[in-house]
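K.L.:
fold the following and give me the result.
(one chain, ligands or ions: 2)
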Amino acid sequence: MLNGVVVKAYNSYYYIQTGDKLISCSLRGRIKKERFSLLVGDEVTYSLVGPEKGVIEEILPRRNMLKRPMLANVDQVILTFAAVNPDINPSLIDRFLVIAEHSQLDIIICINKLDLADGDTITELLDRYRSIGYPILTVSAKTGQNINALRALLFDKISVLAGPSGAGKSTILNAVQPGLELVTGEVSSKIGRGKHTTRFAELLPLAGGGFVVDTPGFSYTEFQELPSPELAFCFPEIVQYASGCKFTTCLHFKEPQCAVKQAVDDGKIHTDRYQSYIEILTEINENKKGF
Ligand SMILES: Nc1nc2c(ncn2[C@@H]2O[C@H](COP(=O)(O)OP(=O)(O)OP(=O)(O)O)[C@@H](O)[C@H]2O)c(=O)[nH]1
Ligand SMILES: [Zn+2]
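P.N.:
Ligands and ions are numbered 1, 2, ... in the order given. Reported below is the predicted structural model:
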């Protein structure tokens, strides 16, 4: 039996990548009954029935599942922001971090357009996130600076790039692997790619091993409602102090004897981060969608 990864689903066919071969597969009858359960990203076993044609026999156990886009076995999200143009915005970074934390993926923060940035202005901001424990990579897709380091991080993993429009996600991927030829540029010119329509994500194989997802990951406008008690778990530094709160149900807002608020007062949690937490908590409580 052969092994591969589902990289694309089209009509009732699944495309399986094995090494540098792409095998178009149908499903064995008994899996068909549970067809909904086969996702792009799944590892499968298959048997060949012709040259580059096969039948999927078995779906191997799934490590995780992402809802938007629908994918299995994603290892990490590369949260991508531009240092400038559009200007880096800590509150937006915090919102993307919440979504990424909620999806329980490993997170890498990637700051692009280093060629346009005055290093000092972003250093303080990046130190803030570094001190929380987030790995940070600064790159320039334009000059190629640190693109090798990013390529190394993508090696042998399934990665999603997420981040605001214009951060340079497609340009970065094209720099990582020129053959990908993702469409870049103005938003309007991308509509043909289905940017605003529902489509199934595809995995693009990277030379040397690993895959990237061809659509931007979750966007902050697609934020799915998060129950307010879960929000604090999306802030690692809040988690670190929350066990010291008097009430186990503490939302670290108006409750007395809150160890998190104390940590903010003591300068151990950054006030901006706490502010982001409170803003998002308030939005969740007001039942606003799409923050
Ligand atoms: N100066 C500079 N410009 C860049 C860099 N990376 C991307 N850009 C430009 O930024 C603009 C947006 O880049 P895209 O790659 O389309 O951004 P995106 O994040 O894929 O945007 P969406 O698809 O809308 O989410 C383009 O005009 C790019 O040429 C960089 O490192 N330096
Ligand atoms: Zn508290």
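K.L.:
ok, the nearest residue to residue 63 once chain neighbours are set aside - contacts?
P.N.:
Among residues not flanking residue 63 along the chain, residue 73 sits closest, at 5.0 Å (Cβ to Cβ, 6 or more residues apart in numbering). In short, each C-beta sits where N, CA and C put it, glycine included. Residue 73 makes contacts with 5, 41-43, 62-64, 158, as judged by Cβ atoms under 8 Å, 6 or more residues apart in numbering.
K.L.:
let's go with 10 Å and repeat that
P.N.:
Contacts for residue 73 were tallied using Cβ atoms under 10 Å, 6 or more residues apart in numbering; they are 5-6, 39-43, 60-66, 157-158, 203, 211.
K.L.:
out of the residues you listed, which end up buried?
P.N.:
Neighbour-count burial (16 or more other Cβ atoms under 10 Å) is assigned, among the contacts of residue 73, to 5-6, 39-43, 66, 157-158, 203, 211.
K.L.:
in strands, which of those appear?
P.N.:
Judged by DSSP state E, these include 5-6, 43, 66, 158, 203, 211 as members of strands.
K.L.:
now, which of these sits nearest ligand 2?
P.N.:
Distance to ligand 2, by Cβ to the ion, is smallest for residue 66 among these, at 29.9 Å.
K.L.:
the closest one: what's it in contact with?
P.N.:
Applying Cβ under 10 Å, 6+ apart, the residues near residue 66 are 39, 41, 72-74, 77, 103-105, 158, 160, 201, 213, 217-218.
K.L.:
do the same with residue 96
P.N.:
77, 79-81, 107, 109, 162-164, 167, 217-220, 223.
K.L.:
look up how far ligand 1 lies from the nearest residue to residue 84 once chain neighbours are set aside.
P.N.:
Distances taken as Cβ to Cβ, 6+ apart put residue 116 closest to residue 84, at 4.8 Å, once the chain neighbours are dropped. Distance from residue 116 to ligand 1, counting by Cβ to the nearest ligand atom, to the nearest Å: 5 Å.
K.L.:
how about residue 163?
P.N.:
Distance, residue 163 to ligand 1, using Cβ to the nearest ligand atom: 6 Å.
K.L.:
how about residue 135, nearest residue that isn't a chain neighbour?
P.N.:
residue 108 (5.0 Å).
K.L.:
quick check, pLDDT for the one you found.
P.N.:
Model confidence at residue 108, given as pLDDT, is 98.
K.L.:
going forward, count from 44.
P.N.:
Done: numbering now begins at 44, and the last item shifts to residue 151.
K.L.:
so how far is the stretch of helix or strand it belongs to from its chain's centroid?
P.N.:
Assessed by DSSP states H and E, residue 151 sits inside strand 149-155. Averaging C-alpha positions (Cα atoms, centre = their mean, to the nearest Å) puts strand 149-155 9 Å from its chain's average.
K.L.:
got the CA coordinates for that strand in CSV?
P.N.:
The C-alpha trace of strand 149-155 is given here as CSV (Å, rounded to 0.1, in the frame of the first residue of the first chain):
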residue,chain,number,x,y,z
ASP,A,149,1.7,26.6,16.4
ILE,A,150,2.2,30.3,15.7
ILE,A,151,5.0,32.2,14.0
ILE,A,152,4.8,35.9,13.6
CYS,A,153,6.3,37.1,10.4
ILE,A,154,6.9,40.8,9.8
ASN,A,155,7.3,41.6,6.1
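K.L.:
enumerate every residue touching the residue nearest to residue 127.
P.N.:
125-128, 183, 185.
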